[in-house]
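Asks: based on what follows, work out the 3D shape:
(one chain, ligands or ions: 2)
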Amino acid sequence: MSEVILVTGASAGFGEAIARLFVSKGYRVIGAARRQDKLRDLAHELGERFYPLQMDVSDKDSVDKALALLPKDWSKISLLVNNAGLALGLDKAYEADFKDWETMIMTNVMGLSYLTRKLLPQMVAAKEGYIINIGSTAGSYPYPGGNVYGATKAFVKQFSLNLRADLAGSHVRVSTIEPGLCGGTEFSKVRFKGDADRAKQVYEGVSSLQPEDIANAVLWLFQQPKHVNVNRLELMPVSQSFGPWHLAED
Ligand code: NDP
Ligand code: 8X3
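Replies: Ligands and ions are numbered 1, 2, ... in the order given. Coordinates of the predicted model:
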């Protein structure tokens with residue numbers, strides 16, 4: 001039986017690309033997300049090496065119940081990819097919607113923490129396993145309107161480093177992948193609440209990263225020798241770079 005990876009947010013974007021790539025390489029993939037229809041379509045396409053698992057990562061009960069439903073031969077997970085996440089809005093902090101902040105924190109911070117806490121004990125007991133968390137350049141570099149989204153991704157980065165400290169000697173690996181601008185996903189459509197035109201403008205005229213680039217990074221990390229731990233992997237499209245200091249007039 002081939003190794004099992006669990007990827008959250010498998011119904012779109014990075015998660016879907018990760019599922020496709022790992023199945024094509026012979027692994028078995030549990031794909032988790034809320035939208036069952038999307039997971040079913042993917043299961044239809046990918047066949048018996050893909051196991052669709054409906055869950056809302058922001059709801060601990062939903063995570064617990066979904067994981068409890070896994071058949072025994074799918075329950076030893078070699079790699080957890082905490083990918084489910086979202087940005088909502090691009091408003092300044094003094095104008096942003098509290099509900100959006102709560103949803104981002106519950107999904108990007110608590111969702112990732114629930115899955116990690118649930119699956120770590122079996123990895124520690126087995127003295128092997130790997131957790132790859134999807135952070136973002138937004139967790140390192142601030143931008144206007146990035147307020148809580150960027151802060152949730154800073155959490156992802158620091159939580160992952162702190163996990164490394166707790167897991168020393170356990171042989172369990174932890175990495176963060178921190179991508180910059182990446183097109184070909186639903187990310188901006190979700191951020192702009194379904195405004196497809198505004199979402200499209202984000203990527204116009206730029207060769208942005210693509211979901212397959214992130215999937216390749218996940219596979220590369222997973223296939224490194226077991227004594228190697230890449231702590232952080234930051235990726236940007238070549239056309240993305242840094243802004244100068246911003247000085248506001250008094
Ligand atoms: P998409 O919007 O295309 O995909 C997000 C996935 O997360 C979907 O499958 C969605 O599934 C799932 N998801 C969202 N909320 C929940 C929830 N509560 N429970 C379970 N699943 C959930 O975005 P991307 O693929 O672009 O983003 C994936 C990750 O990468 C995110 O964490 C994002 O912050 C990060 N990222 C994205 C970048 C980009 O430029 N695109 C750059 C850097 C990081 P469903 O709606 O079916 O539940
Ligand atoms: C997504 C990249 O720059 O839109 O994490 O925040 S960005």
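Asks: now residue 202: how far from ligand 2?
Replies: 7 Å (C-beta to the nearest ligand atom, to the nearest Å). Backbone N, C-alpha and C define where each C-beta goes, glycine included.
Asks: ok, residue 33 next?
Replies: For residue 33, the distance to ligand 2 - C-beta to the nearest ligand atom - is 18 Å.
Asks: and for residue 185?
Replies: For residue 185 relative to ligand 2 (C-beta to the nearest ligand atom), the value is 9 Å.
Asks: and that residue, what pLDDT?
Replies: Residue 185 carries a pLDDT value of 98.
Asks: hmm, it is touching residue 9, no?
Replies: No: Residue 185 is beyond contact range of residue 9, at 9.6 Å (criterion: C-beta atoms under 8 Å).
Asks: reduced to three states, what does residue 168 come out as?
Replies: Secondary structure state of residue 168, per DSSP: H, G, I helix; E, B strand; the rest coil, is coil.
Asks: name the residue in residue 185 and residue 9 with the higher neighbour count.
Replies: It is residue 9, of residue 185 and residue 9, that has more neighbours when counted by other C-beta atoms under 10 Å, with 27 against 22.
Asks: which residues are in contact with the nearest residue to residue 187 once chain neighbours are set aside?
Replies: Using C-beta to C-beta, 6 or more residues apart in numbering and skipping the chain neighbours, the partner closest in space to residue 187 is residue 13 (6.3 Å). The contact partners of residue 13, by C-beta atoms under 8 Å, 6 or more residues apart in numbering, come to 184, 185, 186, 187, 211.
Asks: among the residues you listed, which are within reach of ligand 1?
Replies: 185, 186, 187 (C-beta under 6 Å from any ligand atom).
Asks: narrow these to those in helices?
Replies: Counted as lying in helices by DSSP state H, out of the ones next to ligand 1 among the contacts of residue 13, are residue 187.
Asks: residue 170 reaches residue 124, doesn't it?
Replies: Yes: judged on C-beta under 8 Å, residue 170 makes contact with residue 124 at a distance of 5.0 Å.
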